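Asker: Predicted coordinates and the sequence they were generated for:
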Amino acid sequence: MAVTFSKSADIYLKVIGAVIGVGVLGGAVTYGYLSHPTVIDTGYQPVQPVPYSHKLHAGNLGLDCFYCHNTVYKAAYAAVPPTETCMNCHVKVKDKSARLEPVRQSYASGKPMEWVSIHRLPDYVFFNHRAHIQAGVSCVVCHGRVDQMIEVKQVQALNMGWCVDCHRNPAPNIRPVEFVTKLDWKPEGDPAELGRKLIAEKHINPPTNCSGCHR
Amino acid sequence: MNLISITNTKQNGAPVLGDVTGKSYWRSLNQLADTADFKQWVTREFSSTATDLLDGNSRRTVLKLMAASFGLAGLTACRPVAHILPNTKGVEDYIPGAATFYSTAMPMNGVVNGLLVETHDGRPTKIEGNPDHPMSLGAANSFAQASVLGLYDPDRSKVVLEAGKESTFEKFEAALKAANLADGSGLRFVTLANASPTFTWLKSQVLAKYPKAGFIEYEPISHDAMREGAEMAFGTGVAIHKQLDKAKIIVSLDYDFLGLDALSIMLTKLFSKGRKLAEESEEEGEHAAAEHKDEKTENKKVEHAAEHAAEKAAEMNRLYSVETNYSLTGGMADHRLRLKPSEIVTFARDLAAKLGAVPGLNVMQPATDKRGKFLDALAKDLKAHSGECIVMAGPKQPAIVHALAHSINASLGNIGKTAIAWASTKGEVSPLDAMRTLAGEINSGKVQALMILGGNPVYTAPADLNFADAIKKVPLSVHLGLDADETAMAAKWHIPEAHYLESWGDGRAVDGTATIQQPLIEAMYGGKSAIEMLALVAGTKDQRGYDLVRTYWSGQLPGKDTTAKDQAWREALHSGVIPGTKTAESKATLDGKSVGAQVAKIADGKGFEIAFYPSSQAYDGRFANNGWLQELPDPMTKLVWGNALLISPKYAKDQGLADGDMVTVSKGNLKLDVAVMTQPGHADGCGSIALGFGRTVCGRVGKGVGFNAYAIRTTNDFWSGDGFTITKTAGKHVHATTQEHGLMEGRPVVREAKIDDYKKTPKIIEEMNEVPLLKSIYEDLKYDKGNQWGMSIDLNSCTGCNACVVACQSENNIPIVGKEQVLKGREMHWLRMDRYYTGDENDPQVVTQALPCLQCENAPCENVCPVAATNHSPEGLNDMAYNRCVGTRYCANNCPVKVRHFNFLNWHKTTEEVQKMSFNPNVTVRMRGIMEKCTYCVQRIQETKIQIKAEARAAGKEIRAIKDGEIKTACQQTCPADAIVFGNINDPNSQVAKLKKHERNYALLAELNIKPRTTYLAKLRNPNPELG
């Protein structure tokens, strides 16, 4: 009887199988890695319609975060300011700058600026700025040192595990409310120590059940 | 292209952070138009003209272009670009994402109902009743709840049509000017029943310009018989207000005052007051708290409570209902008598005779059958409760029945006590006569211009008037309507109407209280309101709705100068009520002779009778394109997506008819092909059919759904008629119902008791179910700290009106699935309304039960979820994490009450951009393959908790406890009967905790040891001992 497959075919088959197996596994791992929030979201820095520098405004000039994002302490959303807020100063300051042309146009035409969203949670998560700010969680915890960024980028993955870590142990991230927008603020001594004191004082008890964030 | 659409709205409809531009959300949708250009611009990137795009543009543009082309290439596909579009100018007090509430009013059938509407970033999303409005008190019915979906209906008419072709409003104005209307003798207006003072004022302006113009208020669901009956009985214009909370005996003669015949939810509120035993539980709760430790007093307490319960229960009202079809009122009734439409008239006559209400009347029928016994017992009961009872007739009954009811009330001394006379204007001419005259005038060529301001008369007008052909003979016919419907197609001109949520107006409630109807959003398609059309015809100085309403009310509102008037106007807008506009009480003296003369004209019915009734879904057809309502199961038949000719099981058996059989109903040259359905408890020898279906020119939702009952409805047989023939034809129709059978399979799912039995042994409710010793294999968790949420649903006051079902749908973004999927059992209502029959199939009693997720403490669903997508919260909620769900459906399988619903398909596939505006941004929109269910409106709980904590921390104060009633679930908030109570069961003083101590309290399927947080209060019947 003629031999249809040589002896070595068996080896080839195993090698091909192994290659496909490794390929599929590798693909899955790569996909899993690439689509992980720490990879695709951390470092996300889209180009904005106006090269607004947070470093200049919040860092060098020392504008308080609340000046523009004025709803954070009273609402779930941290509102991006209306064009009018920019124009409060820029009618006088740099009023001829070519870079500010889109802002002036928006103000004149009533057509909104199209800022590109950077920190974006999935649709099924309901984050409330007010709850966090009033508890004493600083902007810096999630947004990083925005006062040092020329153009803002995402520094934290904002994935669920990262959120829950803090919800389980909020102490290191709690500070007196008056310092939440002082991004460079450091307490004397151990931040966790102070955090624990504040937690006890203010009865801070972050939810760790599903409906705390998912509704 | 995905990339583009994502930039505008989040998938769940939540505006992307600041994705708003003050009042006109449309600006951001204009972005959509812009992005379409953008799309084109991007596709040109590699074309030869690409370079000219770069000329004169900034570096930004180039980068933007590059980013976009990368996006198209899929390189950044994993992180789609989302934009934030803030306002350009700051709006005072506006907080993006925070809900704001405005008072307004919904006009329907000649009255308005006061509403409080929730808006998110300028989009109205949720309708609530206005708690400050005397005829709403915070509740709204299912139509009001669903009307927000109508606003965002993508099939709404958007453009002016001239002979079916797109035109402009300016062209219409020119055509109107060109028409020579002279003294107006050829000018006729047809409107729906109208309660707007501004409309009346403008009408006088039109009449000043065109003295011979005519106005007809034609309402297909006419309540004119009520007015005519009162005039017949009292000789003057009065409206009888039913003070049901003062009545011990309530008799309804075909009056579905708890359901479709009610113009406001007030009658349900008043009626349910007489069915509540709540005070008892409050006192009991206090006793329990005070005497908890003392066992001796404990026993005494039980005895005392039993006595107390009996005392209170004895005060419960008793409802008799005489009707043809099973209505919600019949379901609540302690005694129900089913009669043919013509027999109800003779029953009223005989009851009046028995009570001697009309002199010289003799009882014509012998009292041996059920009817006779019912009549005798009822008459006795009424006599025994003179001054504490009320007899009411429904709008579907002729004027004489109303007159007889008034006569009975007068003779029993009820007038001024349970039946209060309110001043009303005497009607000029019956709208039906006016319609007959109008049809004649049109056919004789007398009418030159016909202005139809709202409504759809081509579809709804009585068939014998042949309005569809008549309207074509009018040289200038104009239709103002929300939809390009049957009338729009027949009329020369069609003008898109502004929805009530987008136009200024006003109106009076049932009690005369006036409310300003303020818009919540700018007219999306530039529609006009009826008052604006009148202003155009009258040529008044003001033409805009706001100016018209403002001008009228500045003459009416109190205040010496403009500042004071301004203040009064603002207050009226804020509270939704204009003080001092309530109708005055008046006197009513019976004119017995007039009634006696009319009684002689009563004739017996012959042959097969048909009764028409408004649909609980489409009403008269106006809500036919509303998906929420089309898929809202009819309270009794549980039919969705259609109607049927309802007949009694006995009649069906006699005629050899089965559910779904097609029959032809005919009379004269009118006929209707319709499918039959058996309705237990329906009167024999007659059929009932809901109006509002079988629309031919309608949007995608309502077109061709059901059978058009208007085809056999004539001016003579307006609400009912006799002498119809019914013949079986070939063919079968598939009815989609959401409850296959109404039996409880021997389990005490709903519990009810006769009040006398309950008096003797209050434990009777508990003993209906034998609960074995319950032991869980898991360690019992203690839920005794903080807030522990629970709910109590009182079956004794729940009427089954469905308002809660729609409220839940609106609050929680629950999708509709369509008829085919309902047939597969895939409907999505988180809160369903079950209806059970008890007793003989031809004459059963009905109990309804609202059933949301029970939030079991030992939830069977949680144990079987392989991915822990459903877990218990420390506050006792059975939480859902939709993003975790992988769709195994084990949980739904293991749910003993079947309140979990699975997204078998992507129900939002066809959801258009404009419909997404109706979504509640605080609730996730679930996708395909996800399980979902009620979570006690957890978004409202969290919102309140965050608010309380944040406020306390901002003020440096201690965090206060949540007050009882501070958080209301959507179903509870809108319940007209106040049957649903939600709160913290860990607080012994909360209303819900007290109700749960009640003897009537029982848990569903307690024998399974599921420990549900939602429990029920058993239903009590208060039968007349003589009738058993």
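Answerer: Thanks, I have it.

Asker: From chain A, how far out is B:L161?
Answerer: 31 Å (Cβ to the nearest Cβ, to the nearest Å). The way it works is simple: take the backbone N, C-alpha and C, and place the C-beta from them, glycine included.

Asker: quick one: contacts for the residue positioned nearest the centre of chain A?
Answerer: Relative to the mean C-alpha position of chain A, the nearest C-alpha, by Cα atoms, centre = their mean, is the one of A:H119, at 3.9 Å. Contact analysis of A:H119 by Cβ atoms under 8 Å, 6 or more residues apart in numbering or on different chains lists A:142-143, A:154, A:158.

Asker: Show me which residues of the least confident helix or strand in chain A by mean pLDDT are buried.
Answerer: Sorting the helices and strands of chain A by mean pLDDT, DSSP states H and E puts helix A:37-40 at the bottom, at a mean of 80. Buried positions in helix A:37-40, judged by neighbour count with 16 or more other Cβ atoms under 10 Å in any protein chain shown: A:37, A:40.

Asker: For residue 118, grab phi and psi.
Answerer: Picked chain A for this. The phi and psi values for A:I118, taken as degrees, to the nearest 10, are phi -110, psi -60.

Asker: not quite, I wanted chain B
Answerer: Here is the backbone geometry of B:E118 (degrees, to the nearest 10): phi -90, psi 130.

Asker: for the spatially closest residue to B:T737 that is not a sequence neighbour, what are its contacts?
Answerer: The shortest distance from B:T737 to any non-neighbouring residue, by Cβ to Cβ, 6 or more residues apart in numbering or on different chains, is to B:K638 (4.4 Å). Contacts for B:K638 (Cβ under 8 Å, 6+ apart) come out as B:737-739, B:835.

Asker: now swap in B:S167 and tell me
Answerer: B:159-161, B:493.

Asker: repeat that for 7 Å
Answerer: The neighbours of B:S167, taking Cβ atoms under 7 Å, 6 or more residues apart in numbering or on different chains as the test, are B:160-161.

Asker: Then B:M232?
Answerer: By Cβ under 7 Å, 6+ apart, the contact set of B:M232 is B:399, B:403, B:594-595, B:598.

Asker: Just name the closest of those residues to chain A, please.
Answerer: Nearest to chain A among the contacts of B:M232, counting by Cβ to the nearest Cβ, is B:A399 at 52.7 Å.

Asker: measure that closest one to B:K354 for me?
Answerer: Distance, B:A399 to B:K354, by Cβ to Cβ, to the nearest Å: 21 Å.

Asker: now do B:F271
Answerer: Applying Cβ to Cβ, the value for B:F271 to B:K354 is 25 Å.

Asker: With neighbour numbers in mind, choose between these two.
Answerer: Between B:F271 and B:K354, counted using other Cβ atoms under 10 Å in any protein chain shown, the more crowded position is B:F271 (25 against 20).

Asker: Tell me the spatial nearest neighbour of the residue of the stretch 551-700 of chain B found nearest chain A, not counting adjacent residues.
Answerer: Residue of the stretch 551-700 of chain B nearest chain A, by Cβ to the nearest Cβ: B:W628 (20.7 Å). The shortest distance from B:W628 to any non-neighbouring residue, by Cβ to Cβ, 6+ apart, is to B:A146 (4.5 Å).

Asker: Can you show me the strands along chain A?
Answerer: Along chain A, the segments classed as strands by DSSP state E run A:115-116.

Asker: My error: substitute the stretch 251-400 of chain B in the last question.
Answerer: Remark: strands assigned in the stretch 251-400 of chain B by DSSP state E, counting those that start in this stretch are B:318-323, B:335-338, B:389-393.

Asker: which of those is buried the deepest?
Answerer: Per-stretch averages of neighbours, counted by mean count of other Cβ atoms under 10 Å in any protein chain shown, single out strand B:389-393 among the strands of the stretch 251-400 of chain B, with a mean of 29.

Asker: Now for B:D566, how many residues are close by?
Answerer: Using other Cβ under 10 Å, B:D566 has 14 neighbouring residues.

Asker: Same check on B:R550?
Answerer: Counted by other Cβ under 10 Å, the residues lying close to B:R550 total 18.

Asker: part of a strand, is it?
Answerer: No - B:R550 is assigned helix when assessed by DSSP: H, G, I helix; E, B strand; the rest coil, not a strand.

Asker: pLDDT weak spots in chain B?
Answerer: Low-confidence segments of chain B (pLDDT under 70): B:1-78, B:278-314, B:363-367, B:741-743.
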